[in-house]
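Student: sharing a model prediction with you, sequence too.
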Amino acid sequence: MSVILLDPRDIEILELMVAMLHISSYKLSKISGFPSSSVWRTLVKLKSLGLITKDGREFAITPRGLVMAYYLTKRQSIRETALQNLKDSWKYEGPIEELRSFLMSLNEFLRRFEISPMSICFNQPLSVISLMLPRAKDLDESSQHVLARFILRTFPSIVLPSGCRAVLSFDQDGEPYALAADCKEDGIHLFHKCPIINSVVKAEIKGRK
């Protein structure tokens, strides 16, 4: 994956933003050793790309900036920090390794179809989920868990008699299933079918007649 819009200095400043999260242009110049004017121009450029934002006198890295830093950096420490900060920013409740697997799967998809990651709105995780959900069956289990967790967090769900929580949908034959489910015994699932879902939906339909 190549991002021709970013040169080595841009990436270095972005790496520093990963570590600092919030910092002024002046302080960033002191830390980096780059001239103030150069740092300012880089920050303005990164802001125009949606990788950072300006909050008063300070600049802050965005989730999009964290993802791009994760993909572009050659420093493992920065990659790990970017991943942890992304988990916090997205308020992702699952293990960090699931998020790592998801970013790898996403990167492979973008490479395969020659899609620039700069065209993806990483600031809203639901946008990324919507992009990958049609390809969910091709993803590894950890990546599927990421999709399921965000679906459960975003859309209305019901609690089944078994104690499982599910976001219900219907297939092309009108049969109910869980688009995403958090089962007490089986854990997180996508596209989950079970007798309990059928019985709950049938009971609901019968009760409305």
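Tutor: Noted; the coordinates are in hand.
Student: CA only for contacts and neighbour counts going forward, please
Tutor: Fine.
Student: measure the closest residue to Phe102 other than its chain neighbours to Met17 for me?
Tutor: With sequence-adjacent residues excluded and distances taken as CA to CA, 6 or more residues apart in numbering, Phe102 is closest to Ser143, at 4.3 Å. Taking CA to CA, to the nearest Å as the measure, Ser143 falls 27 Å from Met17.
Student: any idea which element the residue nearest to Phe102 lies in?
Tutor: Here Ser143 sits within helix 141-154, counting by DSSP states H and E.
Student: quick one: contacts of the next helix or strand along the chain from that helix?
Tutor: Following helix 141-154 in sequence order, the next helix or strand is strand 158-159 (DSSP H and E). For strand 158-159, contacts defined as CA atoms under 8 Å, 6 or more residues apart in numbering pick out 165-168.
Student: possible to save the residues you listed as a markdown table with neighbour count?
Tutor: Formatted as a markdown table, the contacts of strand 158-159 follow (neighbours: other CA atoms under 10 Å):
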| residue | neighbour count |
| --- | --- |
| Arg165 | 19 |
| Ala166 | 27 |
| Val167 | 23 |
| Leu168 | 20 |
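Student: pLDDT at the spatially most central residue of the chain, what is it?
Tutor: For the chain, Pro125 is the residue whose C-alpha lies nearest the centre (CA atoms, centre = their mean; 4.5 Å). With respect to pLDDT, Pro125 scores 89.
Student: can you offset everything so residue one is 13?
Tutor: Got it, first residue is 13 now, which makes that one Pro137.
Student: quick one: it from Phe114, how far?
Tutor: Distance of Pro137 to Phe114, given as CA to CA: 12 Å.
Student: before we move on, what about Ala31?
Tutor: Ala31 is 22 Å from Phe114, by CA to CA.
Student: please identify which of those two sits among more neighbours.
Tutor: Between Ala31 and Phe114, Phe114 has the larger neighbour count (other CA atoms under 10 Å), namely 22 against 15.
Student: show me which strand runs longest in this protein.
Tutor: strand 188-195 (DSSP state E).
Student: show me what that one is packed against.
Tutor: Packing contacts for strand 188-195, counted by 3 or more CA pairs under 8 Å, 6 or more residues apart in numbering; DSSP states H and E, involve helix 153-166, strand 177-182, strand 199-204, helix 207-220.
Student: what's the closest of the ones you listed to Lys86?
Tutor: helix 153-166 (23.1 Å; CA to CA).
Student: where in this structure is the helix or strand with the lowest mean pLDDT?
Tutor: Ranking every helix and strand in the chain by mean pLDDT, DSSP states H and E puts helix 207-220 at the bottom, with a mean of 71.
Student: check the offset of stretch 179-188 from the chain's centre.
Tutor: In terms of CA atoms, centre = their mean, to the nearest Å, the centre of stretch 179-188 is found 26 Å from the chain centre.
Student: good, wrapping up.
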